[in-house]
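Visitor: Dropping the sequence and predicted coords here.
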Amino acid sequence: MRARRKLVDAAIANVPLIIQDHANCEKKAAGTAMNLIFRYEFSYDLQRKLAQLIREEMLHYEQVLGIMNDRGQAWKYLSAGRYAKGMLKHKRTYEPAAMVDVLIIGAFIEARSCERFAALAEVIDDERLAKYYRYLLKSESRHFEDYLALAQSLSEDDIDERVAFFKKVEAELISSPDYELRFHSGTPA
Ligand SMILES: [Fe+2]
Ligand SMILES: [Fe+2]
């Protein structure tokens, strides 16, 4: 609880950085989904769900850009945090396992985004941002469900064990000390 408080405090003290990283995340979410669309053309279900997801992530991207513009916040290069990479390095390298892993990782990223938006909305001293973060919860939680359902429907085996594995990896990433503050970072070191 104390670690979470520390993280939320750090985020609130660095709102422009969090907004910039959020913009990067929305763009990356669309890009990752677009890669999946090109790679796994055999699945109608994947094509349709991810086409919608990409549309929504790009809308979010556009909205965050608008918020930055209204706040007079210039675009600033910001390296990616360790979070997504930390899960992707465990991705299996053969198909369809690689596809299933990316879908499971996508589900975790979406779920964690929801947790972060909810936490920020609760404490942020900016009604427009708080409202916007609450608005995002709806689509991002659906993205979580869609990714997880796709992972299960496109896997020959039960995915429970793999989900449990990534759950552990993810928990470690968000609870261990992190030297960079990002939208999905761990406990500030
Ligand atoms: Fe999004
Ligand atoms: Fe999303």
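Guide: Cool, the structure landed. Ligands and ions are numbered 1, 2, ... in the order given.

Visitor: shouldn't Leu78 be in contact with Asp21?
Guide: Yes. Taking Cβ atoms under 8 Å as the definition, Leu78 is a contact partner of Asp21 at 5.7 Å. C-beta here means a position set from N, CA and C on the backbone, and glycine is covered the same way.

Visitor: Give me the common contacts of the two.
Guide: Overlap of the contact sets of Leu78 and Asp21 (by Cβ atoms under 8 Å, 6 or more residues apart in numbering) consists of Arg182.

Visitor: Looking only at neighbour counts, state which of the two leads.
Guide: Neighbour count, other Cβ atoms under 10 Å: between Leu78 and Asp21, Asp21 has more, with 22 against 13.

Visitor: Checking my notes, the more buried one in a helix, right?
Guide: Yes. Counting by DSSP: H, G, I helix; E, B strand; the rest coil, Asp21 is located in a helix.

Visitor: residues contacting it?
Guide: Going by Cβ under 8 Å, 6+ apart, Asp21 touches Leu78, Gly81, Arg182, Phe183.

Visitor: how many neighbours does the second one have?
Guide: Just to be clear, that refers to Gly81. With other Cβ under 10 Å as criterion, Gly81 counts 21.

Visitor: what's it sitting at in phi/psi?
Guide: Gly81 adopts backbone torsions of phi -70, psi -180, taken as degrees, to the nearest 10.

Visitor: what's the spacing between the nearest residue in space to it that is not next to it in sequence and Trp75?
Guide: Of all residues not flanking Gly81 in the chain, Arg182 sits nearest, at 3.3 Å (Cβ to Cβ, 6 or more residues apart in numbering). Distance, Arg182 to Trp75, by Cβ to Cβ, to the nearest Å: 16 Å.

Visitor: Neighbour count: those two, which is higher?
Guide: For Arg182 and Trp75, the more surrounded residue by other Cβ under 10 Å is Arg182, and the numbers stand at 24 against 11.

Visitor: right, and that one touches Ala84 too?
Guide: No. Arg182 is beyond contact range of Ala84, at 10.0 Å (criterion: Cβ under 8 Å).

Visitor: In whatever helix or strand Asp146 lives in, which residues are buried?
Guide: Here Asp146, judged by DSSP states H and E, is contained in helix 127-153. Buried residues in helix 127-153, counting neighbours by 16 or more other Cβ atoms under 10 Å, are found at 129-130, 132-133, 136, 139-144, 146-148, 150-152.

Visitor: Let me know whether stretch 117-134 sits next to ligand 1.
Guide: No. Using Cβ under 5 Å from the ion, we find that stretch 117-134 stays clear of ligand 1, coming within 9.4 Å at best.

Visitor: That'll do, ta.
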